[in-house]
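> just the structure for this:
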Amino acid sequence: MARHGKNYNALVEKIDRHKSYDLNEALSMAKEGTATKFDSTVDVAVNLGVDPRKADQNIRGSVVLPKGTGKKFRILVFAKGEKEKEATDAGAEFVGNDDLVKKIQEGWTDFDRVVATPDMMGTVGKLGKVLGPRGLMPNPKTGTVTFDVKQAIEQIQAGKVDFRVDKSGIIHASVGKASFSVEDLAANFKEFMSTLVKMKPSTAKGLYVKSVSLSTTMGPGIKVAYSA
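Sure, this is the predicted structure:
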């Protein structure tokens, strides 16, 4: 059985599993119960009333968090010609085309986000089995397949978070770090939820946002009272 620190255990005792907390109270509790020595990520889990097996309910998108993510990403860009220079000038850590495809096929995955120009997707498609399971495959819906490479990189570093619904209808996303103020975390949370609510499929029947909870890395989940 995993052993938890005193902060974690104290928070578990404090949480009423049957109660949904006000957002600011939930965020304060999560910050207090941070169970790691490093700056934990604050994650949100939203249970949606959708059927991910239906194409029009397989929700996927991105949002730029107003207060950022608290993390600098190592961005890899697949591009050719002048777009390679644009990517390098914009701060991409790794830029290339066939050379990077080969390197990744050989097992290298030392990067956090991937952007590709549309003309590179035929080549990048070969990496589906590597990038797909890691949630790194470029996609037009998240703005990571684009000729505007500079904007894509700037948005990622400014706090762009990609999200997609899993097979059980739940979306997981980060809304910042435990070191953020409650106010900044709340601003990020509200922007994320607002974006998610706007994406409600017309075919989704019944309650769309069924439940919301948040937690820090390795911390317990806390239910949040939310109404769209």
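> just for this structure, where's the confidence low?
For the chain, applying pLDDT under 70 flags the ranges 1-8, 33-37, 228.
> who are the contact partners of the residue of the chain most remote from its centre?
For the chain, the largest distance from the centre (Cα atoms, centre = their mean) belongs to Gly81, which lies 30.2 Å off. Applying Cβ atoms under 8 Å, 6 or more residues apart in numbering, we find Gly81 in contact with no residue. Backbone N, C-alpha and C define where each C-beta goes, glycine included.
> need the contact partners of the biggest helix by length in the chain.
Looking across the chain with DSSP state H, the single longest helix is helix 182-198. Outside helix 182-198, the residues that touch it by Cβ under 8 Å, 6+ apart are 23-24, 27-28, 31, 42, 44, 46, 48, 59, 61, 63-67, 159, 161, 163, 171, 173, 175-176, 180, 208-209, 212, 214, 226, 228.
> which neighbouring elements make contact with the helix or strand hosting Lys210?
Element membership of Lys210, judged by DSSP states H and E, is strand 209-216. On a contact count with 3 or more Cβ pairs under 8 Å, 6 or more residues apart in numbering; DSSP states H and E, strand 209-216 meets helix 23-32, strand 41-48, helix 182-198, strand 222-224.
> Leu76 touches Glu93, doesn't it?
Yes: the pair Leu76 / Glu93 is scored as a contact, 6.7 Å apart, by Cβ atoms under 8 Å.
> between these two, what contacts are shared?
Common neighbours of Leu76 and Glu93 (Cβ under 8 Å, 6+ apart) are Phe111.
> adding distance to Glu106 and mean neighbour count, write the helices and strands packed on strand 209-216 out as a markdown table.
Listed next are the helices and strands packed on strand 209-216 as a markdown table, based on distance: least, Cβ to Cβ, whole Å; neighbours: other Cβ atoms under 10 Å:
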| stretch | distance to Glu106 | mean neighbour count |
| --- | --- | --- |
| helix 23-32 | 40 | 19 |
| strand 41-48 | 30 | 21 |
| helix 182-198 | 36 | 18 |
| strand 222-224 | 42 | 22 |
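> can I get those in TSV with distance to Gly125?
TSV is the format used below for these (distance: least, Cβ to Cβ, whole Å):
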stretch	distance to Gly125
helix 23-32	39
strand 41-48	29
helix 182-198	28
strand 222-224	38
